[in-house]
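Enquirer: pasting the structure only:
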């Protein structure tokens, strides 16, 4: 349980969440009940990687976190423990915590929270935002101003559509070394620590007033003196939550009198004088009215539910993910059913349950023809997935272009601009990828005169993406069974140039650990289909040279391949590394050649588990896998 929480915490602060906030909070409460003395409960944030390109900053004053009150009863329990009824209530901002250091009245440094004791130096990005934070304040001593860096929802939707949510996007922007995107940073101050003269503020409200006088934009703060007042503000904030320019996920409540609050002390780097009263998960009831099908870059056709328009988390939802036909069958969904829709991770809408069966429900059937080109559709062997078999399918070609942009993390180049680009130059799929690097700055400016500033940004980001590692180049092409992790495996086993990949033969793959005939043939055939394009694109891309990483030719996993699915105690990347470090092969998919499928429950009925049983693949738990590598 603790391992799972550690993995989830690290993934959250590295912008790759493994679970929702609600799931994580539930996990923490369980640990607190079962093992209240566990050291993990005292951790805050995540430690800074030694590979971080940003300098480390040791916080003079620990940047702690808050305990959560997930229900009204939990909040009442906290409220009964405070010395007086006087409290302040503030928006719980959903961004990244920042410490600003001022010395002699001048702004000196900005740093992230990190693990609460050591953060990263991000001063350069805040110097670029001189109109957002004051660079001088009328206080000559040493002063720390604490606040939250945020991304407005409107900016997130328009400029960063490929990120999971505004919080993930702003975390990435703040930590960029080149200052790109700093113009989107918004800062809200909520606390200050002034050395030598911290006696002018008697209450938390006094601190907010002081920060306002100094020129900071502060978090909304109101004073209350009763449970009824706190509940009224909570309800009001929840009701008008969607009218705010940025995301919040609850209300922070603090004892207003500073001295009385500090006398309550703290535990596990969390103050007893404050709590975060969280909002309930976003979800609404609606009716599934129809099902349409979308096509991906590999030709896979995905069912998309069309629901009666409903507000979920401030967004009007009309479409929801139905994942695949296994999921449709598991939930027992039919067109006409009343269903519950939530935003997974507060972003991706999906159906979680059927609340009421429709009187005239219509079963959801697999497509007979491609929704884009009306071509032939074939079922993928062993899976409840269907694919368009036409290589020239226009929908598939659009997604090939979009997939490259997403994998290479090219900012600002959203769907609207991709369409404009492809239409202007009458290009599709892989040709569009070549064109985006071959065209000049002038060519980009001619796409749309009314959006020249945005096309300038797109051009700059495309230019920046020219440099990439070989695994990112090959792994972003959408080659069958060959993502970035599998590409890295091949590089480690001696296939180290673009030419090596273009000239791959099945027999060479068969000679490597973990490759059988079916998989080898599919990879080679997929590469051959686009070999000319790969060669042309490689001439426009600068492959960053790196030391050749030779594989471990000896180890307990030699000759075996592993695919991981579902929840695990370690991030997927770490599990893959354990496999390759022990001479095995890490896979992203279940195929006939797979040796082991690693999952939490070997009795699982997921699509991967069912497919593995059909192929005779052995199912093992993560604990069994760890035993194989001596962990």
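Expert: Arrived safely. Everything numeric in this text was worked out from a predicted model, so none of it was measured.
Enquirer: Residue 260 belongs to a strand?
Expert: No - with DSSP: H, G, I helix; E, B strand; the rest coil as the criterion, residue 260 is assigned helix and is not in a strand.
Enquirer: Can you get me a residue count around it?
Expert: A total of 15 residues lie near residue 260 under the criterion other Cβ atoms under 10 Å. Glycine gets a C-beta too; all of them are placed from N, C-alpha and C.
Enquirer: quick one: secondary structure of the nearest residue to it once chain neighbours are set aside?
Expert: In this structure, residue 260 finds its nearest non-sequential neighbour in residue 83, 4.9 Å apart by Cβ to Cβ, 6 or more residues apart in numbering. Put simply, residue 83 is coil when judged by three-state DSSP.
Enquirer: again with residue 190
Expert: Residue 190 is classified as strand under three-state DSSP.
Enquirer: Let me see the contact set for it.
Expert: Contacts here follow Cβ atoms under 8 Å, 6 or more residues apart in numbering; on that basis residue 190 touches 90, 93, 146, 147, 148, 208, 218, 219, 221, 252.
Enquirer: ok, the last one to residue 85 distance?
Expert: Distance, residue 252 to residue 85, using Cβ to Cβ, to the nearest Å: 17 Å.
Enquirer: out of those two, which sits in the more crowded spot?
Expert: residue 252 (19 against 14).
Enquirer: which residues make contact with the helix or strand hosting the more buried one from outside it?
Expert: Residue 252 belongs to strand 248-255 when assigned by DSSP states H and E. The contact list for strand 248-255, computed with Cβ under 8 Å, 6+ apart, reads 21, 66, 68-69, 75, 78-79, 82-84, 86-94, 190, 204, 230, 233-234, 237, 241, 261, 264, 273-279, 346.
Enquirer: Tell me where the model's unsure across the stretch 251-400 of the chain.
Expert: Low-confidence segments of the stretch 251-400 of the chain (pLDDT under 70): 313-315, 344-348, 381-384.
Enquirer: Number of residues surrounding the residue nearest to residue 407 when sequence neighbours are not counted?
Expert: Spatial nearest neighbour of residue 407, excluding adjacent residues (Cβ to Cβ, 6+ apart): residue 476 at 3.6 Å. Residue 476 has 21 neighbouring residues, counting by other Cβ under 10 Å.
Enquirer: got the contact list for residue 476?
Expert: 403, 404, 407, 408, 468, 484.
Enquirer: Residue 471 and residue 442, how far apart?
Expert: Taking Cβ to Cβ, one finds residue 471 at 33 Å from residue 442.
Enquirer: neighbour count winner among the two?
Expert: Using other Cβ under 10 Å as the criterion, residue 471 and residue 442 rank with residue 471 on top: 20 against 8.
Enquirer: sec struct for that one, please.
Expert: Under three-state DSSP, residue 471 comes out as helix.
Enquirer: Just to check, it is in contact with residue 487?
Expert: Yes - using Cβ atoms under 8 Å, residue 471 is in contact with residue 487, at 4.5 Å.
Enquirer: Could you check how many residues crowd around residue 182?
Expert: Neighbour number of residue 182 under other Cβ under 10 Å is 18.
Enquirer: could you pull out the strands for the stretch 501-631 of the chain?
Expert: Ranges of strands in the stretch 501-631 of the chain, per DSSP state E, counting those that start in this stretch, are 542-543, 561-564, 585-587, 596-598, 618-620.
Enquirer: how far away is the residue nearest to residue 407 from residue 238?
Expert: 41 Å.
Enquirer: Ok, residue 302 next?
Expert: Where residue 238 is concerned, residue 302 sits at a distance of 33 Å (Cβ to Cβ).
Enquirer: Equivalent analysis for residue 438, please.
Expert: 51 Å.
Enquirer: ok so, going back, next, give phi and psi for the residue nearest to residue 407.
Expert: Dihedral angles of residue 476 (phi, psi; degrees, to the nearest 10) stand at phi -100, psi 0.
Enquirer: In terms of secondary structure, what does the helix or strand hosting residue 108 contact?
Expert: Take DSSP H and E as the rule and residue 108 turns out to sit in strand 106-112. Secondary-structure packing of strand 106-112 (3 or more Cβ pairs under 8 Å, 6 or more residues apart in numbering; DSSP states H and E): strand 96-103, strand 118-120, helix 123-127.
Enquirer: Repeat the analysis, applying 10 Å as the threshold.
Expert: With contacts taken as 3 or more Cβ pairs under 10 Å, 6 or more residues apart in numbering; DSSP states H and E, strand 106-112 sits against strand 56-58, strand 96-103, strand 118-120, helix 123-127, strand 142-150, helix 166-174.
Enquirer: Now do the buried residues in that strand.
Expert: 107, 109, 110, 111, 112 (16 or more other Cβ atoms under 10 Å).
Enquirer: Quick check: mean pLDDT of it?
Expert: Averaging pLDDT along strand 106-112 gives 94.
Enquirer: With stretch 581-596 instead?
Expert: 83.
Enquirer: Distance across it, terminal residue to terminal residue?
Expert: In stretch 581-596, first residue to last residue: 17 Å (Cα to Cα, to the nearest Å).
Enquirer: show me what contacts the residue nearest to residue 260?
Expert: 255, 257, 259, 260, 261, 263, 264, 273 (Cβ atoms under 10 Å, 6 or more residues apart in numbering).
Enquirer: Strands along the stretch 351-500 of the chain, start to end?
Expert: Using DSSP E, counting those that start in this stretch, strands in the stretch 351-500 of the chain cover 377-379, 386-388, 467-468.
Enquirer: Please name every helix or strand in contact with the first one.
Expert: For strand 377-379, the elements it packs on are strand 386-388, judged by 3+ Cβ pairs under 10 Å, 6+ apart.
Enquirer: Direction included, what does the strand it packs on pair up with?
Expert: strand 300-312 (antiparallel), strand 377-379 (antiparallel) (DSSP bridges).
Enquirer: With distance to residue 587 as added columns, please give these in CSV.
Expert: Compiled in CSV, the strands paired with strand 386-388 are given as follows (distance: least, Cβ to Cβ, whole Å):
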stretch, distance to residue 587
strand 300-312, 18
strand 377-379, 21
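Enquirer: thinking again about what came up before, most surrounded residue in the contacts of residue 476?
Expert: residue 404 (22 neighbours).
Enquirer: hang on, isn't that residue packed against residue 435?
Expert: No - applying Cβ atoms under 10 Å, one finds residue 404 not in contact with residue 435, separated by 11.6 Å.
Enquirer: quick one on the thing from earlier: just put the contacts of residue 83 in JSON lines and tack on distance to residue 518.
Expert: Shown next, in JSON lines, are the contacts of residue 83 (distance: Cβ to Cβ, whole Å):
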{"residue": "255", "distance to residue 518": "65"}
{"residue": "257", "distance to residue 518": "70"}
{"residue": "259", "distance to residue 518": "71"}
{"residue": "260", "distance to residue 518": "70"}
{"residue": "261", "distance to residue 518": "65"}
{"residue": "263", "distance to residue 518": "69"}
{"residue": "264", "distance to residue 518": "64"}
{"residue": "273", "distance to residue 518": "62"}
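Enquirer: Quick check on these: which are buried?
Expert: Here, 16+ other Cβ under 10 Å leaves 255, 257, 261, 273 buried among the contacts of residue 83.
Enquirer: What is the most widely separated pair among the residues you listed?
Expert: Greatest spatial distance among the buried ones among the contacts of residue 83 (Cβ to Cβ): 257 and 273, at 9.2 Å.
Enquirer: shared neighbours of the two, which are they?
Expert: If you check residue 257 and residue 273 against Cβ under 10 Å, 6+ apart, the residues they both contact are 82, 83, 87, 204, 263.
Enquirer: Which single one of those residues is nearest to residue 338?
Expert: Using Cβ to Cβ, the shared contacts of residue 257 and residue 273 come closest to residue 338 at residue 87, 40.1 Å.
Enquirer: Now do the helices in the stretch 451-600 of the chain.
Expert: Secondary structure of the stretch 451-600 of the chain (DSSP state H, counting those that start in this stretch): helices located at 452-464, 470-475, 484-492, 498-502, 506-510, 517-529, 531-540, 572-581.
Enquirer: Turn those into JSON lines, including distance to residue 607.
Expert: Output for the helices of the stretch 451-600 of the chain, formatted as JSON lines (distance: least, Cβ to Cβ, whole Å):
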{"stretch": "helix 452-464", "distance to residue 607": "36"}
{"stretch": "helix 470-475", "distance to residue 607": "23"}
{"stretch": "helix 484-492", "distance to residue 607": "20"}
{"stretch": "helix 498-502", "distance to residue 607": "29"}
{"stretch": "helix 506-510", "distance to residue 607": "26"}
{"stretch": "helix 517-529", "distance to residue 607": "19"}
{"stretch": "helix 531-540", "distance to residue 607": "31"}
{"stretch": "helix 572-581", "distance to residue 607": "18"}
